[in-house]
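S.K.: mind looking at a prediction? Sequence and model below.
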Amino acid sequence: MSTTTLPPTKKDAPVSAPAGHTSDRARSERKLGWLLAGPAFLVMLGVTAYPILQATYESLFSYRLTDPDNRSFVGLENYGVILSDPLWWRSLWVTGLITFVTVLVELVLGFALAMVMAKALSSIRPVVRAAILIPYAVITVVSAYAWQFAFDINTGFVNSWFAWIPGVGTDTDWFGDFGTSIFVICLAEIWKTTPFISLLLLAGLAQVPEVLQEAAKVDGATWWQRLWRVTLPNMKAAIMVALLFRTLDAFRIFDSIFVMTAGANGTESVSFLAYRQTISRLEIGLGSALSVLLFLSVVLIAAIFIKGFKVDLSQARGEG
Amino acid sequence: MPNAPGRSRPRGLAPAPVRASRRRGMAGAAALLVAAGTLAACGGESGGTPTLTWYYNPDNGGQVELAERCTEEAGGRYRIDTAILPRDASSQREQLVRRLAAKDASIDLMSLDPIYVPEFAQAGFLASVPEDVGERVTEGVVQSAIAGATWEDELVAVPFWGNTQLLWYRKSVAEAAGLDMSRPVTWEQIVTAAQEQEVELGVQGIRAEALTVWFNSLIESAGGSVIEDNADDPDNLELGLDSDAGRRAAEIMKMVAESGVAGAAFSTEDEAASAAEFEGANGGFMVNWPFIYAQAVSGVEGGTIDQAVLDDYGWTLWPSVEEGEPSAPPLGGIDLGVGAYSENVDFAYEAAECITTDENQAYYMINEGNPASSAAVFDDPEVVEKFPMADTIRQSLEQAAPRPQTAYYNEVTGGLQREYHPPGAVQPGETGAQAAELIAAVLRGEQLL
């Protein structure tokens, strides 16, 4: 037995309209569609396309905010500076590491939590869902401070509570090394965004047809077999969408690093590097170039997911 | 059929759009009211009285009180509103710079860390100081505070308060170690004493401005400077890091980091952490700003610190790098800048003069623990009573060395922090040259920071 999914139903085939020519009704419906979606489309253009284009344009200049008179066109020089700097590659590696670790752990944990939410007794289900969602409602900066205070050598309780673990003592300085800093940063991220991934997976779990589960039960499949052969294959789309969203999100990590280490001990992420050039150094050109590179990285990740893993975004919303 | 969507609307809810649109109308009206209020505030006029906005760094309410006092003194000619800035100096700068680059006319007065004065002046963000005002606000002010408010031989801001670090010690510890604290002590001496007495030495090793503060005073005390020449030319800036003084400063950093008395969290230790350590049972020595004394006094009043601990506090000038040579203690503080795009520059300077009178500086020092920039304030009987170390602070201010004055301060301090952190990894023979190379490359636009 391999995997069990329902046979695909063809819903995209046109029901009545003959192919090739547009009827009056279809035309007016399309017009109405544009009328309804148009304002949102314009807003999207204004708040996303315009800044992206402006950043791309400014990345071609040497431009310091405090010295606008000396702004000069330098072509792709800013990109050359960034791509030849080891700091960029190190930040990219750190960002990739955090993304990989957090998304992987969140996926496993999030799936377990989704199962708990799905299977919880209906009387306590709302309470369980609310409890699981609380971390996601906390503002990232606030959560970052909470974790920082917990692990801080002076104000934190972690060192005294966990002193029995080998390697942890009252004088463990969590933010003094690369490894321990990244550990706490990842922990804070995982705590905060696992609810998001579990919510998406819960929606996916609800899509798994109960008939297949029952059929598998009748066939004598164990719980583990049902999980691997029935549940997971049927929610592949939901899993991939959850992974895609979280990966894009995790790749832009900024707040936790800003609050906990401010980039010390080599913990700078790509976003942090862009922040430092643009906001601290006021080098708009160099910072814009970094932002464009960050944008391209995110586009690349999205492309890999959508083309490489054949993620169908519409399927996850139950439209498939 | 264009009315297709209409058919799908549930009939029972027909009145809903009417309700919604009425609600929307009210929301719109409210938004208009808010916008109108904001516009009125931007105009700087409320009922005919010009309103100055003072962007100030967070404190315990002292600057808001001064704003009220000076509003009263103005007798209705102008009033001062306050707007709070972020907590640390670099975030304060980020906010002010962004607003000023957009020619924000609402910034009339701003509390400005002296390290950013050159950058603001160079960018034309500060309204020029009228000559007569300049003369009045520098009269009787300690020299280092005037230097901090000056750029290219011109006074560009009004000195408000001038900060400096002292060497704080526990009298009992110094006595047990046999240190004569009435004479200048060296870094080697206090490290040895702390090791012998098994107490902690509080120094700020965090990757932040505090690290630059420490390093700058070490190199200045050793007779060098971070910037030797061409402070305003990014392509030819001459750094003094790869020098004997630079190596000596790095040696001391490394010695403190490896001494075992700097605390387990030395590489993340800031001023507050040092103060907490010094108040504790293991406190021995610490370099820190005088606010920690005011903090300890209120700790005693609040019952969190024993009176005996406070009585044990001793203070003297910042430690020397070489025996017999005077140290160059850190210099900090706040200057008042007047925004170049302000519509009320004259009133703003009048307000700045009012805020920085000796009387108001004394009030500020007593309530906030931040030292005045006017030398006369240190003779005020109330100040002397509250700050027994007032004389030491004044002497330290006279002796203090400012951090490098350059319009590219952010790049210089960022480069220093990247290369000299963590202090335990500093290589006295190499770090100076590496840092100089990095800062030069960053300023030429060839490297990221």
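M.R.: Okay, I see it. Everything numeric here is computed off the predicted structure, so don't read it as measured data.

S.K.: can you tell me how far B:Glu269 is from B:Asp244?
M.R.: Taking CB to CB, to the nearest Å as the measure, B:Glu269 falls 28 Å from B:Asp244. For the C-beta atoms, the positions are set from N, CA and C on the backbone; glycine is no exception.

S.K.: who's more crowded, those two?
M.R.: B:Glu269 (26 against 12; other CB atoms under 10 Å in any protein chain shown).

S.K.: give me every residue that touches the closest residue to the more buried one other than its chain neighbours.
M.R.: Of all residues not flanking B:Glu269 in the chain, B:Gly205 sits nearest, at 5.2 Å (CB to CB, 6 or more residues apart in numbering or on different chains). Taking CB atoms under 8 Å, 6 or more residues apart in numbering or on different chains as the contact definition, B:Gly205 lies against B:211, B:214, B:256-257, B:262, B:266-269, B:421-423.

S.K.: could I get the phi/psi values of B:Gly283?
M.R.: Dihedral pair for B:Gly283: phi -60, psi 140, per degrees, to the nearest 10.

S.K.: cool, and B:Thr164?
M.R.: phi -150, psi 160.

S.K.: B:Ala208 now?
M.R.: Dihedral angles for B:Ala208 - degrees, to the nearest 10 - are phi -160, psi -180.

S.K.: which secondary structure elements does the host helix or strand of A:Pro135 contact?
M.R.: Assigned by DSSP states H and E, A:Pro135 belongs to helix A:125-137. Packing partners of helix A:125-137 (3 or more CB pairs under 8 Å, 6 or more residues apart in numbering or on different chains; DSSP states H and E): helix A:86-119, helix A:178-207.

S.K.: nearest to chain B, out of those?
M.R.: Checking those against chain B by CB to the nearest CB gives helix A:86-119 as the closest, at 4.9 Å.

S.K.: three-state assignment of B:Ser111?
M.R.: strand (DSSP: H, G, I helix; E, B strand; the rest coil).

S.K.: that one: neighbouring residues, count only.
M.R.: 23.

S.K.: who's in contact with it?
M.R.: Going by CB under 8 Å, 6+ apart, B:Ser111 touches B:54-57, B:63, B:85, B:92, B:160, B:334-336.

S.K.: give me that answer again for 10 Å
M.R.: B:Ser111 sits next to B:54-59, B:63, B:82, B:85, B:92, B:96, B:160-161, B:333-337, B:355 when contact means CB atoms under 10 Å, 6 or more residues apart in numbering or on different chains.

S.K.: any idea how far B:Asn370 is from it?
M.R.: For B:Ser111, the distance to B:Asn370 - CB to CB - is 11 Å.

S.K.: joint contacts of the two?
M.R.: Residues touching both B:Ser111 and B:Asn370 (CB under 10 Å, 6+ apart) are B:59, B:160-161, B:333-334.

S.K.: which members of these occur in strands, if any?
M.R.: B:160-161, B:333-334 (DSSP state E).

S.K.: excluding chain neighbours, give the residue nearest to A:Leu97 in space.
M.R.: Nearest to A:Leu97 is A:Ile182, by CB to CB, 6+ apart, at 7.0 Å.

S.K.: returning to what we had before: between the shared contacts of B:Ser111 and B:Asn370, which has the most around it?
M.R.: Neighbour-wise, those (other CB under 10 Å) top out at B:Phe160, 30 neighbours.

S.K.: that one reaches B:Glu368, doesn't it?
M.R.: No - assessed by CB atoms under 10 Å, B:Phe160 is found out of contact with B:Glu368, at 11.3 Å.

S.K.: joint contacts of those two?
M.R.: Shared contacts of B:Phe160 and B:Glu368, counting by CB under 10 Å, 6+ apart, come down to B:Gln63.

S.K.: secondary structure class for the closest residue to chain B within the stretch 1-150 of chain A?
M.R.: Residue nearest to chain B within the stretch 1-150 of chain A (CB to the nearest CB): A:Thr66, separated by 3.7 Å. Three-state assignment for A:Thr66 (three-state DSSP): coil.

S.K.: and it, what does it touch?
M.R.: A:282, B:97, B:100-101, B:119-120, B:122-125, B:407-408, B:410.
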